[in-house]
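J.: let's see this in three dimensions:
(2 chains)
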Amino acid sequence: MATDNANADGFGEVSRVRGIVFEYLSFGASVFGLVALGVLLVYVAIDAFDLANASPEWLLTYFLTLVVPFLAFCLYSANDRGVTRRALGALGGGLVAVAALFTAVETLVSPIPRLNWQLAYLFVVGAPATAYLAYVGSGGRVGAVGFGLLGRLVGGVAIGLAVGTLFLVFDPLLWFLAYTLGVLPAVGLYAVGRRRSTPRAQTAAAPVGLAGLIAAVVLRDVVSTYPSDLIIYLWTVAVPVAAAGGLLVAGRRGRTAAAVVAGLPLAVATAGGFLAAGAGLPAPTVLLVLVLTGVPTAAYVSRVVDAGEGLAGLGLPLLLGAGVIAGALIVEAWGVPAPDPWLDGSFLTGAPSRTPTDAGLYPAIVGSVIIIALVAVLSFALGVGTSVFLEEYTPESGPLGTLTRILQVNIANLAAVPSVVYGLLGLGLFANLLGLGIGTAVTAALTLSLLILPITIISAQEAIRSVPDDLRRGSDAMGATRWQTTKNVVLPEAMPGVLTGTILALGRAIGETAPLIMIGAATTVFRAPDSLFSRFSAMPMQIYTWAGFPQADFRYGVVAAGVITLLIILVGMNGTAILLRNRAERGS
Amino acid sequence: MSNTTSDDSLITTEVQADSNDDRAASAAETAVAARDLNVYYGDERAIDDVTMEIPEKRVTALIGPSGCGKSTFLRCINRMNDMIEICRVDGDVEFGGKNVYDTDVDPVALRRKIGMVFQKPNPFPKSIRDNVAYGLKIQGFDGDVDKRVEESLKGAALWDEVKDQLDSSGLELSGGQQQRLCIARAIAPDPEVILMDEPTSALDPVAASKIEDLIDDLAEQYTVIIVTHNMQQAARISDRTAVFLTGGELVEYDDTAKIFEDPEEQRVEDYITGKFG
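T.: Below is the predicted model:
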């Protein structure tokens, strides 16, 4: 074979410059966005908690009681020496780097207002490193347990708040009658029918429930004496929730575990409710939050105890709670001046005020939660319905097929319509034409549902389309009608994707301000809305209003507290929804 | 399997074993019959004037090269072709003394009497129990579901492997087990006919041979119609064989032994000896 040694110095080189430039540009762009947002959040958090005025002793105390134990827990659960070393390096090296950088910027560029280098360190290095450790640690057995419990606690409180506010809005007396006369007998009949396998009892359940509901509406004003609110909530919500939790557990782990899971939180919640009533706190809310947090937590703990693994992880929430209390006690004993955070109990429970220190967000929080709960229900139902129709029921060819394609294109276009336009639609259609009222909660909920409907529909369609055709054909070949196939095979399989889309869309809805301005939502209300037709304000509206106030305390402290509250509630709701979605994913 | 060099001799040996079977193909009632059946996809003809009678409680194999219309024929029997919008069917398919393409036949009700197993195992993402009970559930079966699930899993030779994990997902099983789960699902509502569309082509040889044994047992209770690409498989398990060739033409349909030993048509002989297709 004739070789002329053309490849003696290798094969030449192929340029990769464009690829490398692209790689670093994209990396830079994404990092820039994240860093910019992170820096903003750091400023906002410092303002909201007034950390700039905190004394070093105060910071040190909480660092020792809260951050150090958390860090230790993360290191313990990380179980990975490489990660541990990297984290320690980041924390130690970052300490020097941040101090140097901060001093350099202060002296050479411009003074940084209300931020010292220790704080900068805490946020720029400390928080990301611990977050990273927490993330890595959550992969391990121990960490996963701890964070799972934390997630359920947060999610439970979020659901509790949502349910609680919904109950404030709907008439509890009506609900009491409807539950006693309609829901309970119907569910009872259905359960009995299931157990004894008598189909007649099952078919009777629906009419009995309906008759009960009608009776409740009729009797609402006839009956004059009602038990106290606390008793009503205990009877109509706490007991059923505990029973449902117990039943779920009983199916898997026997009666004793079920009794513990149902009984313990119920007892604690009842006691808490009556104590709160004695102390003049909102007893029904305390009861609801306790029972809705307690039952999932108890179920979770009993499962972990049963599995016998990762028990130590359950210590994380205890550790954090104990850290907060210990920090407070030490600061008190030491006599260190504590910072005065804007985001405190009175901010969350108080009404807006002219003085920054008295300002509160409570009416706006209630308004936002009501709207979001309604939007979630409406957009989920409408979005899933429409996407199922478009994906499963419409033909691909013929005149109907053409109509479907036109619909599809227009739904995609609707997603691009500005939210102000939806606001105008809401004002014209819901507020004026249908007479639901200007600036009422129901008008806002309907408008926001319309706004996010295209996103919900498109993502639900994607999810439904990704269900393999094999499964549909398998179900069809069993002699299932299209509805049976959709209900039993397609929807369960598509549900995680559908929920993901709905969650993302809800995140957009909760932060919308423009359509609310258009439908005439109040910028500030002083009482929480007590019905769907009352005037309301939402968190972003209130924050926007405060940002325009002349006092600096409003524009910095109160706005920051509002932003943090909005973010926490949003994260809590998303966390709950993601927990639900993961459950749906695991079920399939 | 022996190391025979020629396909032909291999098939012949297998067929001799099969012809000792006590099921004589000719002495059975007709379960499904096609008369002058033509199927078109748009303007293209996929089945060309097929007339054949499929005996009850026997295994009938449909073989032929890719695209010859054998799967289309199979899907005509339970009207799964209705799902394909461009598909048009002419002629009759008789099942239970009734033309399934008559206007008063509800295809959904028809499919409840005809089970089907697909090429790729397609268990639902549900528990093993729910998979088997699926047909019972959608048909509103009000008897003892658990008992029926057990019987069906035993009928599909899967019970011993899964009886302790009925609540775990059907997707956790191996490919061969999944296919047997699909067979259990198909027989749970007690259909009269089971259609199988290349049920072993996605499986390894061991799993495939288990399915073949199972098909043999199923034929004692059900009429089995199976599409296969594997001629040895057709020779081993079927009582009757229909050979389709390109264009959707039914070239020869006879007892399996006859087809593989002494086919009438030269084209069929060419096809099964591997000279064509």
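J.: going forward, measure contacts between C-alpha atoms and count neighbours the same way
T.: OK.
J.: low-scoring stretches of the stretch 1-150 of chain B, by residue?
T.: The model of the stretch 1-150 of chain B has pLDDT under 70 over residues B:1-27.
J.: where do the strands of it begin and end?
T.: Secondary structure of the stretch 1-150 of chain B (DSSP state E, counting those that start in this stretch): strands at B:30-41, B:44-55, B:59-63, B:87-95, B:98-99, B:114-117.
J.: give me the pLDDT for A:Thr3.
T.: A:Thr3 is assigned a predicted lDDT (pLDDT) of 53.
J.: please disregard the earlier target; I meant A:Val291.
T.: Looking at A:Val291, its pLDDT stands at 86.
J.: again with the one 5 residues further on
T.: Here, the pLDDT recorded for A:Pro296 equals 83.
J.: which other helices and strands contact the helix or strand it falls within?
T.: Using DSSP states H and E, A:Pro296 sits within helix A:283-307. Where contact means 3 or more CA pairs under 8 Å, 6 or more residues apart in numbering or on different chains; DSSP states H and E, helix A:283-307 is packed against helix A:141-169, helix A:229-233, helix A:239-279.
J.: would you single out the least confident of these?
T.: helix A:141-169 (a mean of 74).
J.: just want the angle from it to helix A:283-307.
T.: 160 degrees (axes from the mean of the first three to the mean of the last three CA atoms, to 10 degrees).
J.: which bits of chain B sit near chain A?
T.: Residues of chain B lying near chain A by CA under 8 Å from any CA of the partner chain: B:78, B:80, B:85, B:107-112, B:114-118, B:122-126, B:135, B:138-139, B:169, B:186.
J.: tell me the buried residues within those.
T.: Neighbour-count burial within the residues of chain B next to chain A applies to B:78, B:80, B:107-108, B:110-112, B:114-118, B:122-126, B:135, B:138-139, B:169, B:186; the criterion is 16 or more other CA atoms under 10 Å in any protein chain shown.
J.: that older thread, to chain B, which of the helices and strands packed on helix A:283-307 lies closest?
T.: Smallest distance to chain B across the helices and strands packed on helix A:283-307 (CA to the nearest CA): 11.1 Å, for helix A:239-279.
J.: say whether chain B is contacted by that closest one.
T.: No. Under the criterion of CA under 8 Å from any CA, helix A:239-279 makes no contact with chain B; the nearest approach is 11.1 Å.
J.: which strands and helices sit next to that helix?
T.: helix A:283-307.
J.: got a list of contacts for the helix or strand just after the helix it packs on?
T.: Scanning forward in sequence from helix A:283-307 by DSSP H and E, the next helix or strand is helix A:315-334. The contact list for helix A:315-334 (CA atoms under 8 Å, 6 or more residues apart in numbering or on different chains) reads A:58, A:61-62, A:65-66, A:69-70, A:73, A:146-147, A:149-150, A:337-338.
J.: quick one: average pLDDT of helix A:315-334?
T.: On average, helix A:315-334 scores 84.
J.: tell me how far the next helix or strand after it lies from the chain's centre.
T.: Next along the chain after helix A:315-334, taking DSSP H and E as the criterion, comes helix A:345-349. Computed by CA atoms, centre = their mean, to the nearest Å, the chain-centroid distance of helix A:345-349 equals 20 Å.
J.: A:Ile578 contacts A:Gly501, correct?
T.: No. The pair A:Ile578 / A:Gly501 is not scored as a contact, 10.9 Å apart, by CA atoms under 8 Å.
J.: and these two? which has more neighbours close in?
T.: A:Gly501 (22 against 18; other CA atoms under 10 Å in any protein chain shown).
J.: so which strand or helix has the residue in chain A positioned nearest to chain B?
T.: Going by CA to the nearest CA, chain B is nearest to A:Gly479 of chain A, at 4.5 Å. Following DSSP H and E, one finds A:Gly479 outside all helices and strands.
J.: residue contacts, it?
T.: B:Pro107, B:Val108, B:Ala109, B:Leu110, B:Arg111, B:Arg112, B:Gly135, B:Ile138.
J.: ok, A:Asp476 - how many residues close by?
T.: Using other CA under 10 Å, A:Asp476 is surrounded by 21 other residues.
J.: in this structure it contacts A:Thr485, no?
T.: Yes. Using CA under 8 Å, A:Asp476 is in contact with A:Thr485, at 6.8 Å.
J.: circling back: out of the contacts of A:Gly479, flag the one nearest to A:Thr524.
T.: Using CA to CA, B:Ile138 comes nearest to A:Thr524 of the contacts of A:Gly479, at 53.9 Å.
J.: so what's that closest one closest to, chain neighbours aside?
T.: Take B:Ile138 and drop its neighbours on the chain: the residue closest to it by CA to CA, 6 or more residues apart in numbering or on different chains is A:Ala480, 6.3 Å away.
J.: check B:Arg45 too.
T.: B:Val39 is the one closest to B:Arg45 (CA to CA, 6+ apart), at 5.9 Å.
J.: beta partners of that neighbour?
T.: B:Ile47, B:Val89 (DSSP bridges).
J.: how about it, what does it touch?
T.: B:Val39 sits in contact with B:Arg45, B:Ala46, B:Ile47, B:Asp48, B:Thr72, B:Cys87, B:Arg88, B:Val89, B:Asp90, where contact means CA under 8 Å, 6+ apart.
J.: columns neighbour count on top of the residues you listed, output as JSON lines?
T.: Below are the contacts of B:Val39 laid out as JSON lines (neighbours: other CA atoms under 10 Å in any protein chain shown):
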{"residue": "B:Arg45", "neighbour count": "18"}
{"residue": "B:Ala46", "neighbour count": "25"}
{"residue": "B:Ile47", "neighbour count": "25"}
{"residue": "B:Asp48", "neighbour count": "19"}
{"residue": "B:Thr72", "neighbour count": "20"}
{"residue": "B:Cys87", "neighbour count": "17"}
{"residue": "B:Arg88", "neighbour count": "16"}
{"residue": "B:Val89", "neighbour count": "19"}
{"residue": "B:Asp90", "neighbour count": "14"}
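J.: state the pair within these that is farthest apart.
T.: Greatest spatial distance in those: B:Asp48 and B:Cys87, 13.9 Å, computed using CA to CA.
J.: dump the residue contacts of residue 61.
T.: Using chain A. Residues in contact with A:Thr61 (CA under 8 Å, 6+ apart) are A:Gly327, A:Ile330, A:Val331.
J.: that's the other chain; I wanted chain B
T.: With CA under 8 Å, 6+ apart, B:Ala61 has these contacts: B:Ile225, B:Ile226, B:Val227, B:Thr228, B:Ala234, B:Ser238, B:Asp239, B:Arg240, B:Thr241, B:Ala242.
J.: report the beta-bridge partners for it.
T.: Beta-bridge partners, per DSSP bridges, of B:Ala61: B:Ile226, B:Thr241.
J.: if I read this right, A:Ala299 contacts A:Val261, doesn't it?
T.: Yes. Contact criterion CA under 8 Å: A:Ala299 and A:Val261 qualify, at 5.5 Å.
J.: what residues are shared contacts of those two?
T.: Joint contacts of A:Ala299 and A:Val261 (CA under 8 Å, 6+ apart) are A:Gly245, A:Val249.
J.: list the contacts for residue 230?
T.: In the absence of a named chain, chain A is used. Per CA under 8 Å, 6+ apart, neighbours of A:Leu230: A:Gly273, A:Phe274, A:Ala283, A:Pro284, A:Leu287.
J.: oops, chain B please
T.: B:Ile63.
J.: from B:Ala208, how far out is it?
T.: Distance of B:Asn230 to B:Ala208, computed by CA to CA, to the nearest Å: 11 Å.
J.: quick one: closest of the strands of the stretch 1-150 of chain B to A:Trp175.
T.: strand B:114-117 (48.4 Å).
J.: only C-alpha atoms, please: export that closest one in PDB.
T.: Taking Å, rounded to 0.1, in the frame of the first residue of the first chain, the C-alpha atoms of strand B:114-117 are listed here in PDB:
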ATOM      1  CA  ILE B 114     -62.700  -9.900  20.800                       C
ATOM      2  CA  GLY B 115     -59.400  -9.600  22.700                       C
ATOM      3  CA  MET B 116     -56.300  -8.100  21.200                       C
ATOM      4  CA  VAL B 117     -52.600  -8.400  21.900                       C
END
